[in-house]
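Enquirer: Fold the following.
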Amino acid sequence: MRITLKQLTIFEAVARSGQVARAAEMVNLSAPATSMALSELESQLDARLFERVGNRLRLNSQGSLLLPLATEALQKFDQIEHLFSSPEAELSGTLNVSASSTIGNYLLAKSSVAFCQQHTSALIDLDIDNTLSVIKSVLEFRSEVGFIEGQCLDSRIKVEPWHKDKLLIFCHPAHPLAGQRVAPPALEGQPWVMREEGSGTRDYFISAAHAVGIQPVERFNFSTPDAIKQAVKQGAGLAVLSELTLEKEISRKELAVIEVDGLVLERHFYRIHHKSRKSTPLCDAFIDFCKSFINVAI
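Expert: Numbers count the residues shown, from 1 in each chain. Presented below is the predicted three-dimensional model:
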């Protein structure tokens, strides 16, 4: 037995109007079609729903039992139609986003909060990890969009430049090279506090350093900028991070910058998504929002 929405609509119209002819006008059908649909409903339920009194139809006990249930079902259907046909529907639900450490912590966390405050039916589920993990998340369809600091050469992934960034070499303020501009050989033999394997920051810096003859000697590695900054404050060595992560410490003179001749540390952040996955309206709206919000915020 399959009751249709059309049958319930006709039943409710007849119950409200008391006449098949008037109900037919309400549902924009002919009177014979309306009468047939009502008969089919009674046949499917194996129950009479109306009693004829004069020229009107009145609900009997079975019909009175069905009416509130039918009305509720039709209201639920209307709610579903409204939910998915209204402009707000496109900006509802959960968007799974994956971002590498610097982007996630210093750009997208605050962007996600601001976006959800503006679009209260949306939720941004932001996973923060290193570049390799972000790429894997997008490949496995766990994240609709990813933001990375390193390169992605996988042919299944579409990669687009998204934002510019600059890396800074820094040290303890009492270090002999603090605040200086030096030639690459001045860094020879210096111990380094590095990001972990798989980090876009690590990969970019090592490539740029090798290009000018610097061979960083890794003494420690950590997966978060905060851990690296703390190690440098304890005198563990030199380090390199995005300028986004160092603004407060440098302004407070808790850390000092070292400039190196010929070392290019400007880079792009990238937005990635799987080529076989179509972007949702919610994802498109979030990307557009971030462009505007981040430009204002920084």
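
Enquirer: low pLDDT regions in the stretch 1-150 of the chain?
Expert: 1, 82-90 (pLDDT under 70).

Enquirer: Do a quick rundown of the strands in it.
Expert: Along the stretch 1-150 of the chain, the segments classed as strands by DSSP state E, counting those that start in this stretch run 50-53, 56-59, 93-100, 122-129, 145-148.

Enquirer: Just put these in JSON lines and tack on distance to Ile294 and mean neighbour count.
Expert: Using the backbone N, CA and C atoms, a C-beta is placed for each residue, glycine as well. Conversion of these to JSON lines gives the following (distance: least, C-beta to C-beta, whole Å; neighbours: other C-beta atoms under 10 Å):
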{"stretch": "strand 50-53", "distance to Ile294": "64", "mean neighbour count": "12"}
{"stretch": "strand 56-59", "distance to Ile294": "61", "mean neighbour count": "16"}
{"stretch": "strand 93-100", "distance to Ile294": "12", "mean neighbour count": "22"}
{"stretch": "strand 122-129", "distance to Ile294": "14", "mean neighbour count": "18"}
{"stretch": "strand 145-148", "distance to Ile294": "11", "mean neighbour count": "27"}
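
Enquirer: now those strands in TSV, with distance to Lys233?
Expert: As requested, those are arranged in TSV below (distance: least, C-beta to C-beta, whole Å):
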stretch	distance to Lys233
strand 50-53	83
strand 56-59	80
strand 93-100	23
strand 122-129	23
strand 145-148	28
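
Enquirer: quick one: which of the ones you listed is nearest Met26?
Expert: The closest of the strands of the stretch 1-150 of the chain to Met26 is strand 56-59. By C-beta to C-beta, the value is 13.7 Å.

Enquirer: Off-centre distance for the closest one?
Expert: In this view, strand 56-59 has its centroid 54 Å away from the chain centroid, taken as C-alpha atoms, centre = their mean, to the nearest Å.

Enquirer: what's the answer for stretch 37-57, then?
Expert: Per C-alpha atoms, centre = their mean, the centroid offset for stretch 37-57 relative to its chain is 51 Å.

Enquirer: So which of the strands of the stretch 1-150 of the chain is nearest Met194?
Expert: strand 93-100 (15.2 Å).

Enquirer: which one of the strands of the stretch 1-150 of the chain lies closest to Gln230?
Expert: Nearest of the strands of the stretch 1-150 of the chain to Gln230, taken as C-beta to C-beta: strand 122-129 at 18.5 Å.

Enquirer: and the angle for the closest one with strand 93-100?
Expert: Strand 122-129 and strand 93-100 are oriented at 20 degrees to each other (axes from the mean of the first three to the mean of the last three C-alpha atoms, to 10 degrees).

Enquirer: Show me where the stretch 151-298 of the chain dips below the pLDDT cut-off.
Expert: 296-298.

Enquirer: all helices for it, in order.
Expert: Here the stretch 151-298 of the chain has its helices, by DSSP state H, counting those that start in this stretch, at 200-211, 225-233, 247-251, 281-297.

Enquirer: In a markdown table, list those along with distance to Leu67 and mean neighbour count.
Expert: Shown next, in a markdown table, are those (distance: least, C-beta to C-beta, whole Å; neighbours: other C-beta under 10 Å):
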| stretch | distance to Leu67 | mean neighbour count |
| --- | --- | --- |
| helix 200-211 | 63 | 19 |
| helix 225-233 | 63 | 18 |
| helix 247-251 | 66 | 13 |
| helix 281-297 | 38 | 16 |
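
Enquirer: so which of those helices gets nearest Leu29?
Expert: Nearest to Leu29, of all those, is helix 281-297, at 35.5 Å by C-beta to C-beta.

Enquirer: This completes my enquiry, with thanks.
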